[in-house]
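>>> Give me a model of this one.
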Amino acid sequence: MKLTIIGAGAIGGTIGAHMFRAGHDITLCDADVEYVAAIKKNGLRIEGPVNEFTVEIPAITPDELPDSIDHAIVAVKSLHSASAAALLRDRLSPDGYVLTVQNGLTADALIDAVGADRVISSFVNFGADVMGPGRVMQGNIGTFRIGEIRGGLVTQRVRDLADALPYAEATDNVLGYLWGKEVYGAMMWAGAVSDLPIAETLARDAYKPLMVALAEEVLAQAPVKVESFDGFVPDDLYNSLDRLAEFNRKSAKSHSGIYRDLMIRKRKTEVDEVHKDFQGPIFDRVVEMIHDIEQGRRTCEVKNLDELAAFVATRVA
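You can find the predicted model right below:
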C-alpha cells in the first residue's frame, strides 16, 4: 500500500513506522522542520515497551508534497484539521481516499475539502508520545478500528486498510467507537487538570462520581450506539473506571497527551475542537479550567480535580 501520512507525530509516526517496516510505501509529512530534518538524517525511532526499532523512512514538509496523492492518512491535532484538509483539496486523486486517525469528530473539514465519498474514519486507542526530533515512544497496544463514516457496511477499502495498518480491525460502526472515545476522552480532559497519572484519576474513589457524571453527560448526546473497548463499557460506567485504570497502568504512557500539551510542550490543546462535539455543565467547567491553564491562570494540580469533584457533588446534592 502506498500512503502519505500528514502529521508524523505520536500516532502518525507510530503508524507510519510500523507500516514502512512491514513493506508498505510510506511517506511522512510534517510541518515541524526540525522533526523532519531529524528523520531524514537519522530515521524515525520507535521506543518503549512494545517494540524498539528505527526506520529509514521518507519524510517531507508540506511544501514538498507531490501534486497528486492517491491515499493519505491525516494524523494532525484536530485544531489543524483545516490546514491538513487544504493540503489535500487539490491533490487527492479522483478515486483516492483519506483516512483520519485523529481524536474527536474531525471528518467534516476533510469532507468539505475532498468530498464525503473519499473520507474514511477510525478510532485509535494506543498511547504514544513524541519524545524529541525523530523519536516516538509507543506506550502500549490498544483498540484500533477503521470504518466508513456512514456505517452499515465494511467496504473493500476498509478491509485493505485494516489489513495494512498495525493492530487495526474493520468495523461497521466507527462512529460508535468515536463516541465511546469522546466519553473516555472527556474523563481524560478532566484528569489532565491535575498532575496525577491517568490510572490514578480513574481509580481514586474520590473522583469516581465526577468521572461517571461526566461520562453520562457525554453519552446522553451520542446519536449512535456507543461501542465498548479496552475496559470501557457504556452500560457499566462505574466498573469501567477500574478496568480503564488497569489498562492505563500497563502502558508506559502515564499521562495524557493533553497534560503533555499543557505542562511539557506548552502549547494550545484541542479542547475547543472537542467542545464543538458536545457540551454540558460539567464539561463546560472542565473547558474553563483547561483555558485557565493554557493562559497561565492555573497550573495542573490536584486541587483542580478536587474542585471539579466538589462541583459535581453539589449538583447531585
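>>> just the helices in the stretch 101-250 of the chain please.
Here the stretch 101-250 of the chain has its helices, by DSSP state H, counting those that start in this stretch, at 107-114, 156-164, 174-191, 198-203, 208-219, 237-249.
>>> tilt between the second one and helix 174-191?
Note on geometry: by axes from the mean of the first three to the mean of the last three CA atoms, to 10 degrees, helix 156-164 and helix 174-191 are set 50 degrees apart in direction.
>>> Got phi/psi on the nearest residue to residue 253 once chain neighbours are set aside?
Closest residue in space to residue 253, ignoring its immediate chain neighbours: residue 139 at 3.1 Å, by CB to CB, 6 or more residues apart in numbering. Using the backbone N, CA and C atoms, a C-beta is placed for each residue, glycine as well. Main-chain dihedrals, residue 139, degrees, to the nearest 10: phi -80, psi -30.
>>> gap between stretch 274-288 and the chain center?
In terms of CA atoms, centre = their mean, to the nearest Å, the centre of stretch 274-288 is set 18 Å apart from its chain centre.
>>> My error: substitute stretch 115-125 in the last question.
The answer for stretch 115-125 is 13 Å, by CA atoms, centre = their mean.
>>> Repeat that for stretch 282-302.
So, by CA atoms, centre = their mean, the centroid of stretch 282-302 is 20 Å from its chain's centroid.
>>> Give the buried residues for it.
Using 16 or more other CB atoms under 10 Å as the test for burial, stretch 282-302 gives 282-283, 285-287, 289-291, 293-294, 298, 300, 302.
>>> what's the average pLDDT for that stretch?
Mean pLDDT, stretch 282-302: 98.
>>> Could you list the alpha-carbon positions for it in CSV?
Output of stretch 282-302 as CSV, limited to C-alpha atoms (Å, rounded to 0.1, in the frame of the first residue of the first chain):
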residue,chain,number,x,y,z
ILE,A,282,-19.6,19.6,33.8
PHE,A,283,-17.6,19.5,30.6
ASP,A,284,-18.1,23.2,30.2
ARG,A,285,-16.4,23.7,33.6
VAL,A,286,-13.5,21.4,32.5
VAL,A,287,-13.0,23.5,29.4
GLU,A,288,-12.9,26.7,31.5
MET,A,289,-10.1,25.1,33.6
ILE,A,290,-8.2,24.0,30.5
HIS,A,291,-8.3,27.6,29.2
ASP,A,292,-7.1,28.9,32.6
ILE,A,293,-4.1,26.5,32.5
GLU,A,294,-3.4,27.4,28.8
GLN,A,295,-3.4,31.1,29.7
GLY,A,296,-1.4,30.8,32.9
ARG,A,297,-4.1,31.5,35.4
ARG,A,298,-3.8,27.9,36.8
THR,A,299,-1.4,25.1,36.7
CYS,A,300,-2.1,21.3,36.6
GLU,A,301,-2.6,20.2,40.2
VAL,A,302,-4.8,18.0,42.2
